[in-house]
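Colleague: need a structure here:
(chains A and B)
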Amino acid sequence: MAKMEKTITARQLFFLVIQTQIGVSVLKIPHKVNEIARGGSGISIIIAGLITQALILMMWLLLKKYPGKNLYQILLGMAGPIFGRILIVSYAAHFILLGANIMISATDIIHRWLLVSTPKWVLLALFSYLAYFLAREKLSVLARFDTLACLLFIPLVLFVGYGLNEAHIENMLPLLEQGYFKIFTGAKDVTLAIYGFEILLVVYPFIKADNKQILWSMTAANSFTTFFYLFVVEVCLLAFSHDQLKLMPEPVIYLMKSMNFYIFDRADIVFVPIWSITTICSLVSYVYSAALGFSDIFKKSNHHLFSALSVTISFAIAFVPVTPSAMEKLDKIAEYMAYVFIALIPLVLLLISLISLKKKEGR
Amino acid sequence: MNKLKFAQLGMLMVMLFTVSGCWDHEYLKDINLAYSVAFDLSEDGNILETVEIIVPAESEQSSPKNEIHHSTGLTPRNASTNMRNIIRGNMRFIKFGVQMVGTELAKKGLKTVLDVNFRDPSNPTADPRFVVADGLASDIISKKLVGEIKIGEFLQQKIRSLERMGIFYPPETINSVFLATTNPGKDFVLPYLGIENEEVVAKGVALFDDEYFTGTLDTNQSTLLVLMSGEMGDNARMTRKLHITEPYLVQGDISFNLAKKKPKRKFKIHVHRNGEVSVDLHLKTYAVIEEFTGDQQLKVEILPDIQKRLSEMLTEEADSIISTLKQSNCDLFGVGRHLIAYHNKLWQTKNWDEEYRTLQFNTTIDVEIISTGVLI
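Modeller: Model prediction:
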């Protein structure tokens, strides 16, 4: 596998990771975290960034021990051919579910805000086709696209920054209204919103850089994402009071809509398409990761078919008619899967590898 | 490989046919644009909606005409739905510029009226102005034409010019009203229009407590109120009777503009040790004299006396404005918001609605004359 994929540089890794991390949730996170932490939302985000950094460090330690292998190959080597394959399939399922989750949220938002009379399946089909189109390519193509798409962060930041026109510092205070416990609970939710760094587990062997550089660019990417989220959340907290944020599931789009740009009335119509490209980037990353998992199971060197398969499954899941309560359930499932697949399994693997290495040294 | 290319091509073709048509389009010729809309409380407690619809011109030379229609319903949306039964075709609010609410409905709260504006994203919110009407708002829209101008355009122009004159400032759009109704600890004022002698006139501002209409101020007061809340339009013109006997005799009517130089505003909220709150509001304004009808010359020697007299008069007026605000329970300056943010524990113990009425305001307004125009 590794020979066939073209490699990416440490800089490309940076862009790949931030594009995977920043997705649908950026629009919703101010609402979600405000529900719990209110004025302390900013602190929650910083804590979440630190938690993420710890998880990244853990993954890096694990991968460092197996140069040239990614998670799937490590799993195959450690858990044996049968149990290893089961684990890989569940990882792929996890990625597909995340992809489906992204598609559901993104099409839901576009459907409600932008294309009200367009049938949802058309939007889903467009997303799926774009995702397939990129995910069947080599990793280097993905990384290049992500790098290019990062230019879109400039208008995103400018648009959101324009919201500071309506900022009132009183809206955000008092900071510690809800107490530290709630701030930590909020941090948990944010951590779940900024996952995406686990793509490192999959792409590790394709990175043409030494381990130190990899850790650096992962750290840089995580810091960028954390500060981007911090920026978005603080602007929303300054522009809206807590009671207003409670009413708005996507405060960032509301902010766009509420601002008067004089030339055009609905800035949200400009904002949502720009944001949706960022969303597609994270969708592509998940589909690619799932496809790579399947190709590792079947020992195929080509993942075209598997990416088509992953996209189709995601499409099928997203196509099931969804009510808000079903979406919430899906979110909950994704949450628990994240605990297992992002934190628990890598941690267990790391512990096992530490023990087994000690044994070797002992001999 | 070839197969894949083929599949791709097929997919593209399918998309070409299914997607490029675009579901979300609307032809301007198919829809009726509402330019202004008024909501009132009908006698049986329902919503009475009045819209001004623009009818496209029949020939290219003539200008578009407007029609006025009424409908009722349980809610604004319901009334609009019923309206669509009355008028031909589809009515859309995508271009509307003014939304009015009658007195009785405003007293029952604005949230019910505003909900639909926000739940449906196709309604514009950042620019349309929100106005309270004295009596029935539908009476104003029903005037249909003011001179040659259609009522909707007339209202838009009128509100905008009054905003520039500093009578209503800052501009209150639907969006800002919605945000203000959901902001605890800070209230707002809205333009207040009415009909007098068959003319649509600005009557001042309507004061709101939370989302309920509770009081009014006249246009003289609202000009000063704008300055007191730290805002400024292009102008703030006032005319007062001057009568000073000592040391010089100065008698006549004086018009002055306070918005030619930004006033200095000092606004402090004091929280005393026993939990009592008091507010200091000091405003130093700079006046340009635009008119003086007395016989005296406005010489440098007598200016300090005029300044002193004007300061006294405006301070007195400010006090009466504040007492009206307090009676109406309209916390325009956001004292409550400040307490929530900086003295949260104290805020929790307070019954703000009660306490605001007895809140101590120390208000002074200083006037300094910076110019008397080209005459002395």
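
Colleague: need the contact list for the closest residue to chain A within the stretch 201-350 of chain B.
Modeller: Ranking the residues of the stretch 201-350 of chain B by distance to chain A (Cβ to the nearest Cβ) places residue B:341 first, at 3.5 Å. All C-beta spots, glycine's among them, are computed from the backbone N, C-alpha and C. By Cβ atoms under 8 Å, 6 or more residues apart in numbering or on different chains, the residues touching residue B:341 are A:169, A:170, A:171, A:172, A:173, A:174.

Colleague: residues in contact with residue 115?
Modeller: Looking at chain A here, since you left the chain open. Residue A:115 makes contact with A:123, B:23, B:24, according to Cβ under 8 Å, 6+ apart.

Colleague: Chain B is the one I meant
Modeller: With Cβ under 8 Å, 6+ apart, residue B:115 has these contacts: B:75, B:76.

Colleague: wait, is it part of a helix?
Modeller: Yes. With DSSP: H, G, I helix; E, B strand; the rest coil as the criterion, residue B:115 is located in a helix.

Colleague: Distance check, it against residue B:224.
Modeller: According to Cβ to Cβ, to the nearest Å, residue B:115 stands 34 Å off from residue B:224.

Colleague: Same question for residue B:273.
Modeller: 33 Å.

Colleague: Between the two, point out the one with more neighbours.
Modeller: For residue B:273 versus residue B:224, neighbours defined as other Cβ atoms under 10 Å in any protein chain shown are more numerous around residue B:224 (22 against 5).

Colleague: Please name the nearest non-neighbouring residue to the more buried one.
Modeller: Leaving out its chain neighbours, the residue that sits closest to residue B:224 by Cβ to Cβ, 6 or more residues apart in numbering or on different chains is residue B:317, at 5.9 Å.

Colleague: what residues does chain A put near chain B?
Modeller: Selection of chain A residues close to chain B by Cβ under 8 Å from any Cβ of the partner chain yields A:112-119, A:122, A:125-126, A:129, A:168-174, A:177, A:240-241, A:243-244, A:247, A:257-261, A:265-266, A:268, A:304.

Colleague: ChimeraX command to pick out the buried ones of these?
Modeller: If you want just the buried ones from these in ChimeraX, going by 16 or more other Cβ atoms under 10 Å in any protein chain shown, the selection is:
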select /A:113,114,115,118,122,125,126,129,168,170,171,172,173,174,177,240,241,244,257,258,259,260,265,266,268,304
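
Colleague: Where is the longest helix in the chain?
Modeller: Going with chain A. Selection of the longest helix in chain A by residue count, based on DSSP state H, yields helix A:71-113.

Colleague: oops, chain B please
Modeller: Counting by DSSP H, the longest helix found in chain B is helix B:303-327.

Colleague: residues in contact with that one?
Modeller: Residues outside helix B:303-327 that contact it (Cβ under 8 Å, 6+ apart) are B:207, B:215, B:217, B:220-221, B:224-225, B:228, B:240, B:242, B:244, B:247-248, B:250, B:254, B:256, B:281, B:283, B:285, B:287, B:298, B:331-332, B:356-359, B:361, B:363-369, B:372.

Colleague: Stretch A:147-155 now?
Modeller: Applying Cβ under 8 Å, 6+ apart, the set of residues contacting stretch A:147-155 from outside is A:11, A:12, A:15, A:18, A:19, A:228, A:274, A:277, A:278, A:281.

Colleague: if I read this right, the fourth one contacts residue A:221, doesn't it?
Modeller: Put plainly, it is residue A:18. Yes. Proximity of residue A:18 to residue A:221 meets the contact threshold set by Cβ atoms under 8 Å, at 4.8 Å.

Colleague: Which helix or which strand is home to residue A:221?
Modeller: Assessed by DSSP states H and E, residue A:221 sits inside helix A:211-239.

Colleague: From the contact counts, what lies against that helix?
Modeller: The contact analysis (3 or more Cβ pairs under 8 Å, 6 or more residues apart in numbering or on different chains; DSSP states H and E) places helix A:211-239 against helix A:10-21, helix A:25-37, helix A:41-64, helix A:153-162, helix A:169-172, helix A:251-258.

Colleague: mind checking the backbone torsions on the closest residue to residue B:95 other than its chain neighbours?
Modeller: On the basis of Cβ to Cβ, 6+ apart, the spatially nearest residue to residue B:95 that is not a chain neighbour turns out to be residue B:33, at 4.9 Å. Backbone torsions of residue B:33, given as degrees, to the nearest 10, read phi -90, psi 130.

Colleague: Just the mean pLDDT for the next helix-or-strand element following the longest helix of chain B, thanks.
Modeller: Past helix B:303-327, heading to the C-terminal end, the next element that is a helix or strand (DSSP H and E) is helix B:335-342. The average pLDDT for helix B:335-342 rounds to 85.

Colleague: OK, contacts around residue 175?
Modeller: Reading this off chain A. Shown in contact with residue A:175 (Cβ under 8 Å, 6+ apart): A:39, A:40, A:42, A:43.

Colleague: think we crossed wires, I meant chain B
Modeller: Each residue near residue B:175 by Cβ under 8 Å, 6+ apart is listed here: A:257, A:258, B:125, B:126.

Colleague: Is it in a helix, a strand, or coil?
Modeller: With three-state DSSP as the basis, residue B:175 sits in helix.

Colleague: So which other helices or strands are in contact with the longest strand belonging to chain B?
Modeller: Once chain B is assigned using DSSP state E, the strand that runs over the most residues is strand B:277-292. The helices and strands touching strand B:277-292, judged by 3+ Cβ pairs under 8 Å, 6+ apart, are helix B:219-228, strand B:250-257, strand B:264-271, helix B:303-327, helix B:335-342, strand B:360-371.
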